[in-house]
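[1] requesting a structural model of the entry that follows:
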Amino acid sequence: HIDEKLVLRECTNVETMIKAMLVYENKNILVVVTTTMMLIQFSCAPDGSLTELMKVKLSGKSSITCVVWTGPGLMATVAGEDVVRLWDLDKDNNFSLGGALEQINCL
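    Sure thing, here's the model as predicted:
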């Protein structure tokens, strides 16, 4: 975080490489997906500080290749499989859309 005096300070450390960072603006939440398939949600305070809200291991057979928002609080991931996994962050629920004939690597 860079404060109003242009001083850089570390807000958090996820201890692994980050695959994607998404901002859920309606709730001031930063969503981080790591290369080790961890989903971490942080609450963002006005002063730039972050508070970890949740950390969960995502399911899948291989590393996630793409992460996008598909609607408010609804995140989609693909991992080179024949399914798209959807994560409803508001309801803390997830489900899969399958049936593709080939591997999906991009949304």
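[2] phi, psi for residue 25 please.
    As for residue 25, its main-chain torsions (degrees, to the nearest 10) stand at phi -60, psi -40.
[3] can you check the pLDDT for it?
    We note a pLDDT of 88 for residue 25 in this prediction.
[4] burial check on it, number of neighbours?
    Residues within reach of residue 25, counting by other Cβ atoms under 10 Å, total 10. To be clear about C-beta, it is placed using only N, CA and C from the backbone, and glycine gets the same treatment.
[5] and residue 35, how close does it get to residue 19?
    5 Å (Cβ to Cβ, to the nearest Å).
[6] and residue 71, by the same measure?
    20 Å.
[7] more neighbours: those two, which one.
    Neighbours were counted for residue 71 and for residue 19 using other Cβ under 10 Å; residue 19 has more, 18 against 9.
[8] show me what contacts the more buried one?
    Residue 19 makes contacts with 33, 34, 35, 63, 64, 67, as judged by Cβ atoms under 8 Å, 6 or more residues apart in numbering.
[9] need these in JSON lines with neighbour count, can you?
    Output for those, formatted as JSON lines (neighbours: other Cβ atoms under 10 Å):
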{"residue": "33", "neighbour count": "21"}
{"residue": "34", "neighbour count": "20"}
{"residue": "35", "neighbour count": "12"}
{"residue": "63", "neighbour count": "12"}
{"residue": "64", "neighbour count": "20"}
{"residue": "67", "neighbour count": "22"}
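[10] is it possible to get CSV of the residues you listed that adds pLDDT?
    Output for the contacts of residue 19, formatted as CSV (pLDDT from 0 to 100):
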residue, pLDDT
33, 89
34, 88
35, 84
63, 74
64, 74
67, 87
